[in-house]
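# Okay, sequence plus prediction incoming.
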Amino acid sequence: AHPHPQATAQAAALIGLTEMLRALDQTNEAYRTAQQADQLVAAILVTDDPIACREQSILAARIENSLGVASIALGEYRDAFKYLTAAEARLKPYGERAAKERSQNEQALLLLSRVKVYHALLHKAEAQYTEAASQVREGRRLRETLDDKSDVLSYHLAEAAIRLAQARELIQRQRLAPEAGSAEKALTDADAALSRAEPLIERANPASAATQQDAALAYRYLRGVLLRLRGDRTAAGAFSQLARDCEVQGDKKTEAKCYMQLAQLALDGLAVAPKKSPEAGPDSAVASREQVAELLRLKLSRQTAIKQAADHAERAVSLFQGMDASPEDELAVTALPSLHFQAAYLAARLQILLATVESQMTRLDGLLSADNSADAIQVTGSLPSDKSGAAHRKRAITLLEDAVRQAERPASSTTQVRLQRAKFFTRYAPAYDLLVDLYVSMAVGGKTIARFDSSTSGFAEIRRAIEVADLARNRTFREQIDGWRQ
């Protein structure tokens with residue numbers, strides 16, 4: 001017989017109540033009830049009876065499991081780790097005799113390890129890369145405590161993705177401020193994580209062919225990003241081949257990401273291309289026909305590169321639109337809006353670049369055809385009509401409207417604290433600003449002063465510009481107010 005039947009029965013009843021409260025989403029009350037059960041069990045003296053000892057250990061493990069699961073729901077991940085690992089230690093000595101309880105606890109540990117990764121992705125979104133990498137490593141450590149280690153590979157890939165994002169941001173900072181920290185350590189850490197992942201892909205269970213295929217595509221994508229950030233010229237070929245393979249295998253998300261990388265590679269090429277214009281002589285307002293023709297050739301080369309980048313970005317947008325979920329599907333709604341936003345915003349900026357460079361080309365072409373007999377032509381003068389520029393700006397508006405829709409979508413479903421969400425939303429703000437500028441430019445044109453009423457052609461554009469500006473301002477303010485109320 002058990003030496004403390006009343007306390008044991010009370011603790012067991014409290015754990016039953018805890019599980020019922022958890023099922024009803026009354027997490028705080030469930031946690032307090034589990035704590036009461038924990039106090040009861042802690043007061044029970046340890047017995048020498050092996051059967052009673054086993055029952056007491058299993059009951060204590062059930063309590064710790066309940067405390068751990070409740071801690072996950074409350075966001076207390078360190079407490080959850082403490083409770084769940086303690087429960088696992090209690091159950092292991094009993095093997096099959098505690099198989100049910102151990103299985104339940106392993107499920108909770110698996111849940112916690114995945115929560116760690118999810119938490120890491122939130123840190124990554126807020127550019128807190130060191131904390132994000134630490135969370136992934138903790139999640140991997142939890143996963144490695146379980147007997148089934150089949151998906152440890154995904155943790156290595158997640159760490160590599162975080163370090164590559166960190167390296168990309170450091171490289172961008174260095175372009176603006178050379179004294180910014182070097183990206184080499186982040187790239188080295190990403191390389192190390194990918195090196196740990198590679199043998200796991202090769203040893204993957206053939207029975208899980210689909211999972212192995214997805215992991216291999218993700219690995220190749222991250223390797224390509226590493227090549228690009230290190231300035232390796234083979235990156236373009238790697239992404240082009242990977243995009244084709246993804247199309248064959250039906251991985252539209254990775255295919256779209258490859259096209260975004262190809263667009264960025266084309267822009268990277270423009271950044272390192274020589275920008276110096278042909279010398280115009282001592283008088284910068286006068287240029288020879290040869291100099292203007294050479295400048296036009298340079299602009300044509302630049303237009304070709306931008307057009308290539310724009311085509312890649314448009315392809316990515318098209319793929320994301322094909323994956324767009326219905327607004328009723330909350331899980332799907334939160335799956336891709338950030339990537340979709342990035343692709344649409346990039347494609348819009350490329351359309352504006354095309355409008356600018358083609359406007360310059362039109363002007364240079366006009367200068368060359370103005371006077372075939374002149375040895376020198378004036379660089380100043382009126383700009384010819386540019387219908388293609390207007391078309392590019394209209395396309396940019398369409399793409400930015402798409403980007404803004406993606407920026408709005410996570411608001412109703414994200415689990416971030418609202419003050420953190422307001423901070424995160426500021427990363428989308430440039431798209432709103434650019435959209436406002438384009439609408440105002442379309443409405444005003446070249447006028448110094450413009451008046452609008454409901455019958456004028458620019459009225460709708462000005463109204464939409466005001467709506468977008470208010471949307472951006474009110475969105476951030478609303479998130480902050482809601483955050484302060486919590």
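Nice, thanks for sending it over.

# Every contact and neighbour count from this point should use C-alpha atoms.
OK.

# need the contact list for the residue nearest to Leu353 when sequence neighbours are not counted.
Take Leu353 and drop its neighbours on the chain: the residue closest to it by Cα to Cα, 6 or more residues apart in numbering is Ile306, 7.3 Å away. By Cα atoms under 8 Å, 6 or more residues apart in numbering, the contact list for Ile306 reads 266-267, 350, 353-354.

# can we see that at 10 Å?
263, 266-267, 269-270, 300, 312, 350-351, 353-354, 357 (Cα atoms under 10 Å, 6 or more residues apart in numbering).

# which stretches of the stretch 351-486 of the chain have low pLDDT?
370-387, 409-427, 446, 448, 474-486 (pLDDT under 70).

# Most neighbours out of the contacts of Ile306, which is it?
The most crowded member of the contacts of Ile306, judged by other Cα atoms under 10 Å, is Ala263 (28 neighbours).

# which stretch of helix or strand covers that residue?
Take DSSP states H and E as the rule and Ala263 turns out to sit in helix 252-272.

# Mind giving me the packing neighbours of that helix?
Contacts defined by 3 or more Cα pairs under 10 Å, 6 or more residues apart in numbering; DSSP states H and E place helix 252-272 against helix 209-229, helix 235-249, helix 289-323, helix 337-370.

# For that helix, C-alpha coordinates in CSV please.
Extracted in CSV, the C-alpha atoms of helix 252-272 (Å, rounded to 0.1, in the frame of the first residue of the first chain):
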residue,chain,number,x,y,z
LYS,A,252,7.2,27.6,-55.2
LYS,A,253,8.4,29.4,-52.0
THR,A,254,12.0,28.5,-52.5
GLU,A,255,11.7,29.2,-56.2
ALA,A,256,10.4,32.7,-55.5
LYS,A,257,13.2,33.3,-53.0
CYS,A,258,15.7,32.3,-55.7
TYR,A,259,14.3,34.9,-58.1
MET,A,260,14.6,37.5,-55.4
GLN,A,261,18.2,36.6,-54.9
LEU,A,262,18.8,36.8,-58.7
ALA,A,263,17.3,40.2,-58.7
GLN,A,264,19.6,41.3,-55.9
LEU,A,265,22.6,39.8,-57.7
ALA,A,266,21.8,42.0,-60.7
LEU,A,267,21.6,45.0,-58.5
ASP,A,268,24.9,44.0,-56.8
GLY,A,269,26.4,44.1,-60.3
LEU,A,270,25.2,47.6,-60.8
ALA,A,271,26.7,48.7,-57.5
VAL,A,272,30.2,47.6,-58.5
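
# Looking at the contacts of Ile306, which one is closest to Ala190?
The nearest member of the contacts of Ile306 to Ala190, counting by Cα to Cα, is Ala263 at 22.3 Å.

# Could you find the closest non-adjacent residue to that closest one?
That would be Ala309: by Cα to Cα, 6+ apart, it lies 4.0 Å from Ala263.

# burial of that neighbour, as a residue count?
Ala309 has 25 neighbouring residues, counting by other Cα under 10 Å.

# Looking at the helix or strand in which Arg137 is found now, give me its mean pLDDT.
Per DSSP H and E: Arg137 is located in helix 129-144. In this model, helix 129-144 carries a mean pLDDT of 85.

# Following that helix in sequence, what is the next regular element?
helix 152-176.

# quick one: buried residues of that following helix?
152-168, 170-171, 173 (16 or more other Cα atoms under 10 Å).

# the inter-axis angle of that helix versus helix 129-144?
If you take axes from the mean of the first three to the mean of the last three Cα atoms, to 10 degrees, helix 152-176 sits at 170 degrees to helix 129-144.

# Can you list the helices and strands that helix 152-176 packs against?
Helix 152-176 is packed against helix 99-125, helix 129-144, helix 184-202, helix 209-229, with contacts defined by 3+ Cα pairs under 10 Å, 6+ apart.

# Save the helices and strands packed on helix 252-272 as CSV, and put in distance to Leu435 too.
Formatted as CSV, the helices and strands packed on helix 252-272 follow (distance: least, Cα to Cα, whole Å):
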stretch, distance to Leu435
helix 209-229, 29
helix 235-249, 30
helix 289-323, 17
helix 337-370, 9
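
# Could you say which of these is packed most deeply?
helix 337-370 (a mean of 21; mean count of other Cα atoms under 10 Å).

# Please compute how far that helix lies from its chain's middle.
Centre-to-centre, helix 337-370 and its host chain are 26 Å apart (Cα atoms, centre = their mean, to the nearest Å).

# Tell me the helices and strands packed up against the helix or strand hosting Arg393.
Using DSSP H and E, Arg393 sits in helix 387-408. Helices and strands touching helix 387-408, by 3+ Cα pairs under 10 Å, 6+ apart, are helix 289-323, helix 337-370, helix 429-444, helix 459-485.

# Out of those, the one nearest Leu17 is which?
The nearest among the helices and strands packed on helix 387-408, by Cα to Cα, is helix 459-485 at 31.6 Å.

# Kindly provide the distance from the closest residue to Asp453 other than its chain neighbours to Val404.
Leaving out its chain neighbours, the residue that sits closest to Asp453 by Cα to Cα, 6+ apart is Phe459, at 6.0 Å. Noted for Phe459: a distance of 21 Å to Val404, by Cα to Cα, to the nearest Å.

# the more surrounded of the two?
Val404 (22 against 17).

# what's the more buried one in contact with, if anything?
337, 341, 344-345, 428-429, 431-432, 435, 468, 471-472.

# Closest one of the residues you listed to Val444?
The closest of these, once distances to Val444 are taken by Cα to Cα, is Leu435, at 14.3 Å.

# wait, isn't that closest one in contact with Val468?
Yes. Between Leu435 and Val468 there is a contact at 7.6 Å, judged by Cα atoms under 10 Å.

# Which neighbours do those two have in common?
Common neighbours of Leu435 and Val468 (Cα under 10 Å, 6+ apart) are 401, 404.
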